[in-house]
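Chemist: take a look and give me a structure for this.
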Amino acid sequence: MKRHVEELVRQALSAALAAGELSRPEAPAFAVEVPSDPKFGDLSTNAALVLARGEGRPPHAIARLLIGHLEAAAPAGWLQGPPEVAGPGALASGEAYGRAATGAGRRAQVEFVSANPTGPLTVGHGRNAVIGDTLARLLAAVGWQVEREYYFNNAGRQMKVLAESVRARYLELIGRPAAFPEDGYQGEYIRDIARGLVERHGAALAENHGTAFRDAAEQSIFAAIRATQERLGITFDRYFDEDSLYRSGAIQRTLDALQARGLVLRREGAVWLSGAAVGLEQDRVLVKSSGEPAYRLPDIAYHLDKLARGFDVVIDVLGADHIAEHQEVAAALRALGADAARIRPVIYQFVTLTRHGEQVKMSTRRAEYVTLDELLDEVGVDAARFFFLMRKSDSHLEFDLDLAKQQSTDNPVFYVQYAHARIASVLRQAAEAGIALAPAPDLSPLGAPEVEVVRAVASWPDVVETAARDLEPHRIVFHALDLAGAFHRYYNRQRILTEDRTSTQARLALVRAVQQVLRGALGLAGVTAPERM
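Modeler: Okay, the predicted model is just below:
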């Protein structure tokens, strides 16, 4: 709705200029915003105040002048209330209502999840997955060409520890002495991988110190990770292997480039990124004294690769524990002359699970955690996805398992889905009564009782555009909750199907527009929109 108002004000200003009613040669910059007090309307503009300063006339006189042109430019009845625009606008646009072309075909990459293949996906990975997937859906909805990417972190020390953990369990199963790594990965999934190796190879791997244990673990765990993602309705366009950066020489080339620009220091047998040279407070290790690259170096190489692929924007969905790492990588990229401004991080805070008011503890290495699959088994995909979006990404999320399982309107996702199903029931009743929705219904019967609902329908395109622009997917479920609430209140006060045909058609048009927006919001969140509940 805000975009429509801005365009109408521009048209009114152009008309006033063309008529010689203003002394200035061109229209000034102005703002359109939501008033702090609803009694002042849905939206307001400072155009009259801005003009009054240069015209030498009081603002109210300029306002009256502009109102005349606004009435000429706006659809009939629009200035008296938004129903004349919101109803037909939403219905005429169909499923495209709320979508836009602001992306203009530009290319966006969203890299998300990217969990180490050292264990099952946890609840924290689930929040990452849903934020990333919803962002990808949002960007596509406003005209971006979106590529989803998973960075497969299959190199480095964690893979060595994983292999040693599996080997120790394998040796235990075949009755050989085994020293389990002090920081090894525990959990039944490690034993399951070892059992598979025993079933396939017997004791033949007892003396194997090669890649057999690592390869088996990587393949098994990543297959499970992909299966979990598919349960959430998430697929990726590309899986990028960290190991490929080593095989291609990209990591060495990156180190050479940093060294050529005088950005590295050598001390204590290690190679460091010079903090002073790149604008960081401290030096950071790039290559350990053991000769093994620290995680920063492959991350710098990976982002150089991403930027070289020509994306207009690169979005990294990262946990809060990666904030410093992102800043270090960005500093190195800028020092190398790369366009680090194209990289936009979306930082999310961690998830706390509660059951019966008590926190559920999670630890990947000690295997005291709830896997994402276990969460989906308990609360379902719809509740999981919706709840993961119920806080701003950079806010801590407390996930109430008991609430997520409730089949009542106390459960936020049930509340929104029930609104959609309620409208579906109304439309079925109308069809059974032989009432067909008119293609261009008269909305004049709509008035004060409908204003709250209409505002929520009319603001949907702005919500989508703002959420995509600011990379804030929580706005989608917030709006869905607001709209569902407005509809439920309206439904409990007003009859939709009445004896008056014109009123019935107007109300049916409105609730159908509500249903359409709810379906769009749920779809962007990756949540189903049931017809019956």
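Chemist: SS state for residue 252?
Modeler: What DSSP: H, G, I helix; E, B strand; the rest coil gives for residue 252 is helix.
Chemist: make residue 1 into 56 and carry on from there
Modeler: Yep, numbering from 56; the last one is residue 307 now.
Chemist: neighbours of it, how many?
Modeler: Neighbour count for residue 307, taken as other Cβ atoms under 10 Å: 14. Placement of C-beta: from N, CA and C, glycine included.
Chemist: tell me the confidence at it?
Modeler: pLDDT, residue 307: 97.
Chemist: quick one: low-confidence parts of the protein?
Modeler: Scanning the chain for pLDDT under 70 picks out the ranges 56, 90-97, 104, 107-108, 111, 113-116, 128-144, 417-424.
Chemist: so which bits of the longest helix along it are buried?
Modeler: What stands out as the longest helix in the chain, according to DSSP state H, is helix 556-580. For helix 556-580, the neighbour count (16 or more other Cβ atoms under 10 Å) marks 558-577, 579-580 as buried.
Chemist: now that helix, how far from the centre of its chain.
Modeler: Distance of helix 556-580 from its chain centroid, counting by Cα atoms, centre = their mean, to the nearest Å, is 24 Å.
Chemist: stretch 263-282 now?
Modeler: Centroid separation between stretch 263-282 and its chain, computed with Cα atoms, centre = their mean, is 30 Å.
Chemist: one more: stretch 397-409?
Modeler: In terms of Cα atoms, centre = their mean, the centre of stretch 397-409 is set 10 Å apart from its chain centre.
Chemist: before we move on, what about stretch 508-524?
Modeler: Its chain's C-alpha centre and that of stretch 508-524 lie 16 Å apart, by Cα atoms, centre = their mean.
Chemist: just the CA trace of it, in PDB.
Modeler: Extracted in PDB, the C-alpha atoms of stretch 508-524 (Å, rounded to 0.1, in the frame of the first residue of the first chain):
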ATOM      1  CA  VAL A 508      -8.600  -6.600   8.000                       C
ATOM      2  CA  VAL A 509      -8.200  -4.500   4.900                       C
ATOM      3  CA  ARG A 510      -5.100  -2.700   6.300                       C
ATOM      4  CA  ALA A 511      -3.400  -6.000   6.800                       C
ATOM      5  CA  VAL A 512      -4.300  -7.200   3.300                       C
ATOM      6  CA  ALA A 513      -3.200  -4.000   1.700                       C
ATOM      7  CA  SER A 514       0.100  -3.900   3.500                       C
ATOM      8  CA  TRP A 515       1.200  -7.400   2.400                       C
ATOM      9  CA  PRO A 516       3.200  -6.200  -0.600                       C
ATOM     10  CA  ASP A 517       5.200  -3.800   1.600                       C
ATOM     11  CA  VAL A 518       5.900  -6.500   4.100                       C
ATOM     12  CA  VAL A 519       7.300  -8.800   1.400                       C
ATOM     13  CA  GLU A 520       9.400  -6.100  -0.100                       C
ATOM     14  CA  THR A 521      10.800  -4.900   3.300                       C
ATOM     15  CA  ALA A 522      11.500  -8.400   4.500                       C
ATOM     16  CA  ALA A 523      13.400  -9.200   1.300                       C
ATOM     17  CA  ARG A 524      15.300  -5.900   1.300                       C
END
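Chemist: where do the strands of this protein begin and end?
Modeler: Using DSSP state E, the strands of the chain run over 87-88, 99-100, 162-166, 200-207, 293-296, 319-322, 325-328, 339-342, 368-374, 398-403, 406-410, 413-415, 452-455.
Chemist: could these go into JSON lines alongside mean neighbour count?
Modeler: Putting the strands of the chain into JSON lines (neighbours: other Cβ atoms under 10 Å) gives the following:
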{"stretch": "strand 87-88", "mean neighbour count": "14"}
{"stretch": "strand 99-100", "mean neighbour count": "17"}
{"stretch": "strand 162-166", "mean neighbour count": "23"}
{"stretch": "strand 200-207", "mean neighbour count": "20"}
{"stretch": "strand 293-296", "mean neighbour count": "14"}
{"stretch": "strand 319-322", "mean neighbour count": "14"}
{"stretch": "strand 325-328", "mean neighbour count": "21"}
{"stretch": "strand 339-342", "mean neighbour count": "21"}
{"stretch": "strand 368-374", "mean neighbour count": "21"}
{"stretch": "strand 398-403", "mean neighbour count": "18"}
{"stretch": "strand 406-410", "mean neighbour count": "17"}
{"stretch": "strand 413-415", "mean neighbour count": "11"}
{"stretch": "strand 452-455", "mean neighbour count": "19"}
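Chemist: save the ones you listed as TSV, and put in distance to residue 440 too.
Modeler: Listed next are the strands of the chain as TSV, based on distance: least, Cβ to Cβ, whole Å:
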stretch	distance to residue 440
strand 87-88	32
strand 99-100	36
strand 162-166	16
strand 200-207	16
strand 293-296	22
strand 319-322	43
strand 325-328	38
strand 339-342	36
strand 368-374	15
strand 398-403	14
strand 406-410	13
strand 413-415	19
strand 452-455	12
